[in-house]
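Undergrad: Sequence first, then the predicted structure, then my questions.
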Amino acid sequence: MKLLTEILEAVVLASSQIRPDIYLLSLEAPTISRDARPGQFVHIRCSHTYDPLLRRPLSIHDIGSKGELVLLFQAKGRGTAWLAGQQAGNRINVLGPVGQGFSIVANKKVAIVAGGLGVVPLLFLARKLLESDNEVNFFLGAQDCDKLLRLEALRRMEVNLFLATDDGSAGFKGTVTDLWKKHLRPGAFDWAYACGPQAEMAEFARLAERVALPAEVSLEERMACGIGLCRGCVTAVCDASGHKKYENVCSCGPVFNAAAVCWED
Amino acid sequence: MERVQAVKGHQGSLEVEIAGITLQNPVMPAAGTFGFGEELAPFIDLNRLGAIVVKTLTLHPTPGNPPPRISETYSGLLNSIGLQNPGVEKFVQVKLPYLRQLKPPLIVNIAGRTISEYAELASRLSGEAGIKALEVNISCPNVKEGGIIFGTVPEMAAQVTAAVKKQTSLPVIVKLTPNVTDITEVAKAVVDAGADALALINTLRGMAIDLETRRPALGNIIGGLSGPAIKPVALYAVWRVARAVKVPIIGMGGIMTAHDVIEFMLAGATAVAVGTASLVNPRALIEIIEGLEDYVAAQGIDDVRELIGAVQI
Ligand SMILES: Cc1cc2nc3c(=O)[nH]c(=O)nc-3n(C[C@H](O)[C@H](O)[C@H](O)COP(=O)(O)OP(=O)(O)OC[C@H]3O[C@@H](n4cnc5c(N)ncnc54)[C@H](O)[C@@H]3O)c2cc1C
Ligand SMILES: Cc1cc2nc3c(=O)[nH]c(=O)nc-3n(C[C@H](O)[C@H](O)[C@H](O)COP(=O)(O)O)c2cc1C
């Protein structure tokens, strides 16, 4: 397949702080928006100097109605703090789109399981799955109702939305995987996708395997180049014969077949 | 625009020579930061590089270290990849056909767990068309067996060099570690054992600790530091080694710009390698080459070789 990844100076169109530590950023990056597939990410320089040095990987959250590239991120450390300070009109060095995205099935009943920030790549996924005539069941979970991200945007989409919070302040009381488990019967879904905390994705993978449900997850790992040069961001996967090997999250993932990931590592 | 005019005004030669191999310019990738070339091809024209240097090969496939393998430091990068590579056979079958049709000379980097593995790798690769030189990695800080052990004891370093030389008629470049008390001792030992050129420096040993987990940030506990943070250390090593031996030096460590390249050449490097910069900016190699073209044009330098070792003390 032809590689469509580009490096460009994207113009910030808008930036908004939607929670104390969560930002929604839209960029003008027409080539990335045009080629992006759900699950792929962009790799962003978060400085004009050599410090911080490395790019930061952020999933493609959405492509707006005018073709803008929309990112959703948590300001955690030095890189994302810099990004949070960028204002409309600024230019940001973006490499993308990178990585292997989710499988886009058609005419199926699908489950999407999003824990916390895991909603980031899954909103764009839901949009694409709706375009290809799937019944989309979206399970969204967070610690409490204030941390359920993009609720309004999801409510405007034609998805069946199910909510879970750890403290029960909205929807089901418990983890989003526990909520999904209550809906999971053989044949209930044809395909399932997840992104969220590692422990929840491991549980998601275990549950899916039990009912032989094809399932995909989006993984995170410390990353340098983002394009397969350095072998820095590996995760352990098992091939068909059960043989363990390390694969790059950046170029073989970040989306992996949930059954192939070695979760205990 | 400015750039085009500058180059038109004056075209100094960027050609240099390493161990009998002519390079169209002194800039090449550093092993392990370039994959096997194909990964960077969508971003840059590989044929414009001074040479091609690929990820260290071992005799058998090497799985590498457990993640996390990357930890960012101030202006630097700690890595503990652990020489993950498909092994020499798969390289020859799958990667070499692509690499040998590229124009720049191909340098293949090798590492063994024992001296005889180094020798076997050298002999296996010498028969393959398209390989112009071997770079012997005796300096990887991230593997338990072999690697850096061979690079820290001068006698061992000499033995590896001699064993490789015996198996090949290709020029042999030995890649040195800075993790020693006196790098010139190892440099002299390998040159006496027949090394045709030296490459330095490999990464500096280091570590980082995650406060949340109170565990080392790297799965391998320790890693190797690279990037702008190490440039002064690398430059000093090149300067010292250049005064201690007569063979050409490929200098590396923290090179981000053409100006960094000039500094390394003034310190005594004949050519340079760019590593971490490519991980941050996939176009770094070409931007650095263009920067060099601009520099020699602007300075009215006829031949870039004038710069080698020309630091005024
Ligand atoms: C494929 C992928 C997609 C991602 N998508 C998103 C997203 O859409 N929204 C979002 O908020 N976060 C996302 N993350 C996590 C995000 O990349 C990190 O939170 C971010 O890099 C932290 O950088 P910092 O400068 O704030 O933190 P620092 O602590 O200063 O970072 C130091 C180093 O650690 C790395 N790092 C720290 N935390 C993580 C992490 N969780 N995963 C990977 N590397 C990390 C940084 O990239 C940097 O190299 C994604 C991670 C990956 C691998
Ligand atoms: C991710 C990474 C992987 C590396 N892998 C190798 C390797 O396989 N063999 C080797 O000889 N050096 C390896 N190195 C060392 C580099 O080739 C180089 O010596 C060092 O990084 C200093 O240059 P830099 O600061 O420009 O990166 C690696 C460096 C990095 C950052």
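TA: Ah, there it is. Ligands and ions are numbered 1, 2, ... in the order given.
Undergrad: these two touch, right, residue A:83 and residue A:72?
TA: No - using CB atoms under 8 Å, residue A:83 is not in contact with residue A:72, being 11.5 Å away. Heads up, the C-betas are built off the backbone N, CA and C, glycines and all.
Undergrad: joint contacts of these two?
TA: Here residue A:83 and residue A:72 share the contacting residues A:23, A:25, scored by CB atoms under 8 Å, 6 or more residues apart in numbering or on different chains.
Undergrad: State the distance from the residue most central in space within chain A to ligand 1.
TA: The residue lying closest to the centre of chain A (CA atoms, centre = their mean) is residue A:121, at 2.7 Å. Distance from residue A:121 to ligand 1, counting by CB to the nearest ligand atom, to the nearest Å: 7 Å.
Undergrad: Low-confidence ranges, chain B, go.
TA: Along chain B, segments meeting pLDDT under 70 span B:1-10, B:141-147.
Undergrad: which SS class is the residue in the stretch 51-200 of chain A positioned nearest to chain B?
TA: Nearest residue of the stretch 51-200 of chain A to chain B (CB to the nearest CB) works out as residue A:51 at 4.6 Å. Three-state call for residue A:51 (DSSP: H, G, I helix; E, B strand; the rest coil): coil.
Undergrad: so what pLDDT did it get?
TA: You'll see residue A:51 listed with a pLDDT of 97.
Undergrad: Just give the closest residue to it, not the sequence neighbours.
TA: Nearest residue to residue A:51, sequence neighbours excluded (CB to CB, 6 or more residues apart in numbering or on different chains): residue B:75, at 4.6 Å.
Undergrad: what's the distance between that neighbour and ligand 1?
TA: Look at residue B:75 and ligand 1: by CB to the nearest ligand atom, they are 13 Å apart.
Undergrad: now residue A:222
TA: 5 Å.
Undergrad: Residue B:263 contacts residue B:236, doesn't it?
TA: No - the pair residue B:263 / residue B:236 is not scored as a contact, 11.0 Å apart, by CB under 8 Å.
Undergrad: How about the secondary structure of the residue lying closest to residue A:230 once chain neighbours are set aside?
TA: Distances taken as CB to CB, 6+ apart place residue A:224 nearest to residue A:230, at 4.9 Å, with adjacent residues excluded. Using three-state DSSP, the three-state assignment for residue A:224 comes out as coil.
Undergrad: Enumerate every residue touching residue A:224.
TA: Residue A:224 neighbours (CB under 8 Å, 6+ apart): A:54, A:230, A:232, A:233, B:70, B:77, B:79, B:279.
Undergrad: Please identify which of those is nearest to ligand 1.
TA: residue A:54 (4.4 Å; CB to the nearest ligand atom).
Undergrad: Let me know the secondary structure of the closest one.
TA: coil.
Undergrad: May I ask which helix or strand encompasses residue B:133?
TA: Element membership for residue B:133 (DSSP states H and E) is strand B:131-137.
Undergrad: That strand and chain A in contact?
TA: No - against chain A, strand B:131-137 shows no contacts by CB under 8 Å from any CB of the partner chain, the least distance being 15.0 Å.
Undergrad: and that strand, does that touch ligand 2?
TA: Yes - for strand B:131-137, a contact with ligand 2 is found by CB under 6 Å from any ligand atom, at residue B:137.
Undergrad: Return the distance of the residue nearest to residue B:296 when sequence neighbours are not counted relative to residue B:295.
TA: Excluding its sequence neighbours, the residue lying closest to residue B:296 (CB to CB, 6+ apart) is residue B:12, at 3.6 Å. Distance of residue B:12 to residue B:295, given as CB to CB, to the nearest Å: 9 Å.
Undergrad: Give the residues shared as contacts by the two.
TA: Shared contacts of residue B:12 and residue B:295 (CB under 8 Å, 6+ apart): residue B:301.
Undergrad: now the residue of the stretch 51-200 of chain B with the smallest separation from ligand 2: how far from residue B:85?
TA: Here the residue of the stretch 51-200 of chain B nearest ligand 2 is residue B:56; by CB to the nearest ligand atom that distance is 3.5 Å. Residue B:56 sits 6 Å away from residue B:85, taking CB to CB as the criterion.
Undergrad: Would you map the strands across the stretch 151-300 of chain B?
TA: B:172-175, B:197-200, B:204-206, B:209-210, B:215-216, B:223-226, B:249-252, B:271-274 (DSSP state E, counting those that start in this stretch).
Undergrad: What strands line up against the strand or helix carrying residue A:72, and which way round?
TA: Here residue A:72 sits within strand A:69-74, counting by DSSP H and E. The pairing partners recorded for strand A:69-74 under DSSP bridges are strand A:22-28 (antiparallel), strand A:62-63 (antiparallel).
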